[in-house]
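Visitor: okay, structure incoming, though there's no sequence with it:
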Ligand SMILES: Nc1ncnc2c1ncn2[C@@H]1O[C@H](COP(=O)(O)OP(=O)(O)O)[C@@H](O)[C@H]1O
Ligand SMILES: [Mg+2]
């Protein structure tokens, strides 16, 4: 009994940091409507800076002062980020806001390694809380008791701040209705900045307070952000009470989950989240949101199928690509195969994101599931390659069917958070369930059979499947289903009013995208001869997003171009620098701010401009056309 | 007239938001081919009525019978399948698709082809979509991106979309808001023509009393959620309560009508 009680207290103690970070995220979202994906990065920075300060300054004052000072320093960093980056993108589509803050996260990962090195850092114990309290023979660290007491105090302070100060009243008003605050003549810029500073301060404090409990390392950010997303999805984005309750709930589920499913404790959290999503899709304490802003929204360029000239052009390009083995060596062919595989992967995400308007931040889950599917079939069941290659992706299909069902209940940022959380759950399972997946060591020896083993044969195989996948997805875009999907993306209200079951349509799209990604993963397993949890990881999901973005979110064929350019650059970059995440993250931020239409988007704009200037006389009454986009309330 | 079957009957429909009674115990019925106007000042509860009728919103109490079938609790898409077309006060269309494609989607849905993954939609019901667009006078704009249309044209496009499932009932929430006066008259005349020809029942709201009196067979007057008058244009025009509300609102009847009313 005592054991369970101690386990319960441990859970409560873990909830403290989670609550701090989640409430910060919620406050920022409430006012700015930005889901700050970089929140985990601020948490991690808080831990690193606090580590340095508490090492430098001795004594109790040095420790506690260091914790607070570290949080303040990181808050200042947050202010700079807000002023330099976020102010430029408050009015951008939310996809771009998510991507920009994600880009920041990537940059911070390399920056902390640059400053603090790659090794785990063990921080000081907290003065005054070094010992443990005995509880019927079980030890409870007294620092845990301190943390347990801290969260209600912080909750109370936040409550007072929002109820009793003029600033708090403004923040609450802005959360309710942004336009109204603008009308009151409040300096909105500084309101946003101060709110962001508070949110970042809370995140950094959460990180700083963890150093007596946990080693500081450079993967803290992703670990916490996934938990935080789960917390805000359960508690309701924008609600501080919700963040508190859900943080406790999630921490307790983790604490007891370990006892029930030691290997895959995360399953329990997933189950609870799934139930909440079905019963209250906007979270326990959240409010139903007005329909999300449309994800794309830079242009209103209708899509059209390829003209016969363009089709010939595409076939010629494919033919040229097929001749690569005549010219290039083995290394180039391997790179070529990899690029072809990522074309499939990017095209599948593009289908979900551009055609379906559902920006998944965890698309690698289905890629990785396809890869593991192949590994299981080929290694464990010993099936022939062709069978494994065709059946392996079914694991991606299955995962997409399960997770997609829940994910499509949500839209916009909630969808993004949930897909990311799902992907991380799959990753954790692959990582923790060592007996089945081999854990970190992966599954080795997934080699292609003789007929596909040569670099040239494998290249042709990949290229062929890529061509089929891209063509198939394109056919679907212009099929009746594709129309229904685009209609659902454009206006949920209107599509529902003409008999379209939007959720079912989006779920189908999710499954299609997941299955196609599974094929990419299946090929990838054979290309590398092995499967690791990395192939389910967040950085792979982000790579796919960047490929789509680079090519052009709002184009039909952008993903193909984006994948080729990105993958080629990426392979080159990794060979040139150790700081590939820094460069990649900076690149993401740059595209979002300076170049949001992507390569194909820019080309199309140029072409359209040329076309319209040459046919000005023939367009009837273009003066009538006011270019307004009406979105449903 | 009594031979014409009742298309829609509404009994004691109510909805409140917190303390606000948006709609209070509203009852009325509508026959096939009849054009019924629902008028009332802003905030009277008209849009809330429309939303409950097409399943967008659930009433707190009351019954809605469409062709004998109870529709309370049905989703908009299910109500649509029963033969109800709707336009919105704030237009809802598909901005990244062309005008023709907007109509084609509705036709795809009507033809139950939504999950057809491998067909081509380029020519799917192309002519049918063209006919509908011609009907509302948008034929010339068929290949335009819908996002570029002027507001009045969007309203006409919405009408074409709403007609795609060969509806028995059209719900039009302020179909002419934001249009020039001439366009308004034009659009309502067109709607009336189509409705009479195909024997479609129409329920519409409208602020322009010229349009209402010219085209409505019957008028319902809603104020603060309650029906305060109902009758033919002549009857409603002469109703002092209605006049008081409208005069209070600053929306004065057209002089022509006042004379015509002989009040
Ligand atoms: N979702 C809602 N939440 C709260 N109040 C609402 C909501 N929708 C409508 N109302 C209120 O109900 C009343 C009727 O609104 P509405 O049906 O839009 O009127 P109308 O269309 O006649 O202008 C108004 O007082 C409005 O403020
Ligand atoms: Mg209204």
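Guide: Here it is on my side, so go on. These figures come from a predicted structure and were not determined experimentally. Ligands and ions are numbered 1, 2, ... in the order given.

Visitor: contacts and neighbour counts: CA atoms only from here.
Guide: Will do.

Visitor: domain parsing for the chain?
Guide: Reading this off chain A. Split into domains by automatic domain parsing, chain A comes to A:2-279, A:329-610.

Visitor: ah, I was thinking of chain B
Guide: B:1-80+B:194-248, B:84-166.

Visitor: got the end-to-end distance for the shortest one?
Guide: The stretch domain B:84-166 measures 8 Å between its terminal residues, going by CA to CA, to the nearest Å.

Visitor: any idea of the mean pLDDT for that domain?
Guide: Domain B:84-166 shows a mean pLDDT of 93.

Visitor: does chain A sit close to it?
Guide: Yes. In terms of CA under 8 Å from any CA of the partner chain, part of domain B:84-166 sits within range of chain A, namely B:85-86, B:90-98, B:105-106, B:108-110, B:113-122, B:145, B:147-150, B:162.

Visitor: so which of those residues belong to helices?
Guide: When DSSP state H defines the helices, the subset of these inside them is B:105, B:106, B:108, B:109, B:110, B:162.

Visitor: show me which of those residues is closest to ligand 1.
Guide: The nearest member of those to ligand 1, counting by CA to the nearest ligand atom, is residue B:162 at 19.3 Å.

Visitor: nearest residue to the closest one in space, please, no chain neighbours.
Guide: Leaving aside its chain neighbours, residue B:162 sits nearest to residue B:85 (4.3 Å; criterion: CA to CA, 6 or more residues apart in numbering or on different chains).

Visitor: give the contact list for residue A:130.
Guide: Shown in contact with residue A:130 (CA atoms under 8 Å, 6 or more residues apart in numbering or on different chains): A:141, A:142, A:143.

Visitor: neighbours around the first one, how many?
Guide: Read it as residue A:141. With neighbours defined by other CA atoms under 10 Å in any protein chain shown, the count for residue A:141 comes to 19.

Visitor: just the second one next, same as before
Guide: When neighbours are defined as other CA under 10 Å, residue A:142 has 17 of them.

Visitor: wait, it touches residue A:134, no?
Guide: No. Contact between residue A:142 and residue A:134 fails when scored by CA atoms under 8 Å: they sit 9.5 Å apart.

Visitor: residue in the stretch 151-263 of chain B with the shortest distance to ligand 1?
Guide: Per CA to the nearest ligand atom, residue B:225 is where the stretch 151-263 of chain B lies closest to ligand 1, at 7.0 Å.

Visitor: quick one, strands of the chain?
Guide: Since no chain was named, I'll use chain A. Along chain A, the segments classed as strands by DSSP state E run A:132-135, A:138-141, A:443-444, A:530-531.

Visitor: switch to chain B, please.
Guide: B:6-17, B:20-31, B:35-39, B:61-66, B:69-70, B:84-87, B:169-172, B:201-205, B:218-223, B:226-231.

Visitor: the third one - what's its average pLDDT?
Guide: What that stands for is strand B:35-39. Averaged across strand B:35-39, pLDDT comes to 95.

Visitor: ditto for the shortest one
Guide: Looking at strand B:69-70 alone, the average pLDDT works out to 92.

Visitor: for ligand 1, find the nearest of the strands of chain A.
Guide: Nearest to ligand 1, of all the strands of chain A, is strand A:138-141, at 49.7 Å by CA to the nearest ligand atom.
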